[in-house]
Structure formats: structure tokens, C-alpha cells
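Peer 1: Turn this into a model:
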Amino acid sequence: MSEQSMTTRASARHYLLLGALAFSWGSGFLFVELALVDLPPVMVAMGRTAVATGVLYAVARRQGYNLPALTGNGQLWLILATLAVVGHALPFFLMAQAQTELDSNLAGIFIGATPLVTLLVVHFGTHDEKMTRTRIMGVAAGFLGIVVLLGPGAVAGLQNEVGNERAGLLAQIFLILVCFSFATNALIARRMTPLSPAVAAASVSLIATVILLPFAIAVDPDLSLSPSWLAIGAVFFLGAIGTGAATLLFFILVQQCGANFVISANYLLPLVAMVLGVTFLAEQPRPEALVAMALICGGIWLSNRPAK
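Peer 2: Residues are numbered from 1 along each chain as shown. Alright, predicted model coming up:
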């Protein structure tokens with residue numbers, strides 16, 4: 001598929017799905033914070049993939065599909081296992097671990113850099129999503145919008161907002177790894193076109209659950225943890241919305257519009273967090289939010305313009 005055909009296929013419907021994906025991913029930060037009150041990071045990561053597996057398998061079965069057979073599909077399952085590691089197990093654990101040390105603003109700065117990393121990874125990893133001047137300008141405008149939205153305090157906090165400097169530095173390294181994981185995940189997911197999005201999403205979530213389960217058991221072998229209903233509910237919604245719905249939308253969009261388009265949803269995550277804060281936490285919107293929104297939306301449009 002050429003760059004021209006890939007970008008022109010981003011219709012109004014695709015942009016609506018991109019917004020839904022951003023909401024699904026963005027709401028996940030809130031659910032993670034609620035779950036971490038009573039649960040360790042690895043159990044939060046495993047819980048979200050387990051719930052997502054059930055939801056996505058039900059969707060696949062309703063559509064008349066089943067998971068690929070284990071025999072005769074070794075290469076396919078290898079690709080799915082790679083996606084499970086770089087797209088689910090590793091980043092979900094690292095993000096939950098990082099959020100124990102960094103606040104959401106700092107996390108937003110790092111996650112907002114994912115499209116920059118993706119632009120580089122996809123440029124060297126594909127033949128049809130190369131860097132262009134307008135794409136670079138769009139990615140830069142989107143990242144600038146995130147910085148404007150979160151404010152200079154978040155940028156300054158990269159050095160002095162964390163009480164434990166060593167733990168804070170490790171958390172920042174974790175989030176950098178998350179950026180590369182998501183970028184690599186988007187690149188590999190382009191190869192999943194033979195599978196329906198629901199089957200691909202369910203398979204990846206299942207493998208991620210199997211990978212994380214032994215680590216979760218090791219953390220609490222005696223099942224002595226007694227999380228609150230709030231934490232349990234947070235894990236459920238994190239799995240159903242922030243993981244299940246998000247993974248399904250991710251595969252739909254990456255198959256139809258390419259890696260750079262789907263990863264641009266990361267620019268919208270701080271906007272989602274702001275809307276949720278205003279709606280549920282009675283927070284006051286920042287006055288520069290409109291400027292940031294214009295930069296972010298303009299950056300998404302510019303970075304996905306068809307090549308001339």
C-alpha cells in the first residue's frame with residue numbers, strides 16, 4: 001500500500017474512531033491510578049489484559065470468528081506473541097510502575113512523544129510511510145500542543161518534581177521504553193491484515209495475560225491481597241475500555257490507515273484527561289487549552305495529509 005493510498009483512506013469515520021481510541025487510552029490513566037491504591041503494578045497489568053481477553057473473545061465469537069488454531073500457524077502466533085509483549089505486557093507493566101513515581105502530567109509529556117518515536121521507527125521499517133516535511137511539521141505541532149496544554153511546570157518537573165530522584169529517573173526510562181514499545185507494536189501490527197481486528201486483539205490480549213500471570217502470582221502467592229471494590233471496578237473498566245475497546249480500535253485503524261495515523265491518538269490523551277478532570281473532578285480548564293487543542297488537532301491533520 002502506498003503512502004498516498006494509506007493517508008487518503010483516513011476519512012471522517014476514521015478520525016471519529018481515532019477520537020474514540022484516544023478516549024479509551026486516555027481514560028486508562030485514571031483507572032490505573034485508582035487500581036494502584038490497592039494493587040501492585042503487575043497485577044493491574046495482568047488484570048486489564050485478562051478482562052480485555054474475555055471482552056474481545058466475546059466480540060470475535062459474535063462476529064463469527066474464532067482464535068487461530070495452534071497447529072499450522074506457528075509464524076502467525078509468533079507475531080501475535082511479539083505484539084503481546086511490546087504492545088501489552090511490557091508497556092502496561094512499565095506504565096503502571098512509572099505512575100507510582102510520576103504524576104500524570106509528566107507521564108503525558110513522555111507518552112506524547114510516542115508519535116515522534118513512531119515517525120522514526122516507521123520511516124526505517126516500512127517503504128510506504130516515510131517521513132515527509134508536512135508529517136514532521138505535524139508531529140512537532142502536536143507535541144508542542146501537549147507541552148502548551150500541560151504547562152511549563154510539567155517540563156520543569158522532569159528534573160525536580162520527583163522526591164526520589166533515582167526512582168524518578170527510572171520511571172522516566174520506563175516511559176521512554178513505553179514509547180518505543182508502542183511504536184514497534186504499531187509497526188508490527190501492520191502485518192495482521194489477514195486476521196480480523198477482533199481476533200488479532202483477543203489473541204494478543206490472551207498471550208499477554210499468560211505472560212503476566214506467573215509474575216502476578218509471584219507477587220501474591222497466598223492470595224492475601226484484599227482490594228477494594230473501587231480498585232476491582234477500576235481494573236474491570238481498565239480492561240474493558242482502556243484495553244479491550246482500545247486494542248480493537250487500534251487494529252482497525254492500523255490496518256486501514258497505517259501506524260503513524262493510529263499513534264497520533266497519543267496527542268489527544270492529555271485533552272481526554274483534561275475533559276475527564278473537568279467532568280468528574282470539578283477541575284478548572286486551563287486558559288491555554290484552546291491554543292493547545294488547535295495545535296494538537298492541526299498537527300494530527302497535517303501529519304496525515306496525503307502526499308502531494
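
Peer 1: what residue ranges in the stretch 1-150 of the chain score low on pLDDT?
Peer 2: 1-9, 102-109, 123, 125-131, 149-150 (pLDDT under 70).

Peer 1: Which residue ranges of it form helices?
Peer 2: Per DSSP state H, counting those that start in this stretch, the stretch 1-150 of the chain carries helices over the ranges 3-8, 12-35, 41-62, 74-84, 90-98, 104-111, 114-125, 133-150.

Peer 1: do the same with the stretch 151-300 of the chain
Peer 2: Listed in chain order, the helices of the stretch 151-300 of the chain (DSSP H, counting those that start in this stretch) span 152-160, 165-189, 197-219, 229-237, 246-257, 259-263, 269-280, 289-303.

Peer 1: Nearest to L116, out of these?
Peer 2: helix 165-189 (8.0 Å; CB to CB). Where you see a C-beta, it was placed from the backbone N, CA and C, and this is true even at glycine.

Peer 1: The closest one packs against which elements?
Peer 2: The contact analysis (3 or more CB pairs under 8 Å, 6 or more residues apart in numbering; DSSP states H and E) places helix 165-189 against helix 74-84, helix 90-98, helix 104-111, helix 114-125, helix 246-257, helix 259-263.

Peer 1: Go through those helices and pick out the most buried.
Peer 2: Among those, the stretch with the highest mean neighbour count (mean count of other CB atoms under 10 Å) is helix 259-263, at a mean of 27.

Peer 1: name the helices or strands packed onto it?
Peer 2: helix 12-35, helix 114-125, helix 165-189, helix 246-257.

Peer 1: Which one, of these, ends up nearest to A208?
Peer 2: helix 246-257 (9.7 Å).

Peer 1: could you check the angle helix 41-62 makes with that closest one?
Peer 2: With axes from the mean of the first three to the mean of the last three CA atoms, to 10 degrees as the basis, helix 246-257 and helix 41-62 are set at 60 degrees to each other.

Peer 1: Next, the angle helix 165-189 makes with helix 246-257.
Peer 2: Here helix 246-257 runs at 50 degrees with respect to helix 165-189, directions being taken by the same axes, to 10 degrees.

Peer 1: now for helix 246-257, which elements pack on it?
Peer 2: Checked by 3+ CB pairs under 8 Å, 6+ apart, helix 246-257 has helix 12-35, helix 41-62, helix 165-189, helix 197-219, helix 259-263 packed alongside it.

Peer 1: Tell me which of those helices sits most buried.
Peer 2: Taking mean count of other CB under 10 Å, helix 259-263 is the most buried of the helices and strands packed on helix 246-257, at a mean of 27.

Peer 1: hmm, back to that, got JSON lines for the helices of the stretch 1-150 of the chain, with distance to S228 too?
Peer 2: Formatted as JSON lines, these follow (distance: least, CB to CB, whole Å):
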{"stretch": "helix 3-8", "distance to S228": "45"}
{"stretch": "helix 12-35", "distance to S228": "9"}
{"stretch": "helix 41-62", "distance to S228": "13"}
{"stretch": "helix 74-84", "distance to S228": "29"}
{"stretch": "helix 90-98", "distance to S228": "17"}
{"stretch": "helix 104-111", "distance to S228": "21"}
{"stretch": "helix 114-125", "distance to S228": "32"}
{"stretch": "helix 133-150", "distance to S228": "30"}
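
Peer 1: Tell me which of the ones you listed lies nearest to I173.
Peer 2: Closest to I173 of these is helix 90-98 (CB to CB; 8.8 Å).

Peer 1: what does that closest one rub up against?
Peer 2: 32, 36, 41-42, 44-45, 48-49, 107, 171-172, 174-175, 177-178, 181-182, 185, 208, 212, 215, 243 (CB atoms under 8 Å, 6 or more residues apart in numbering).
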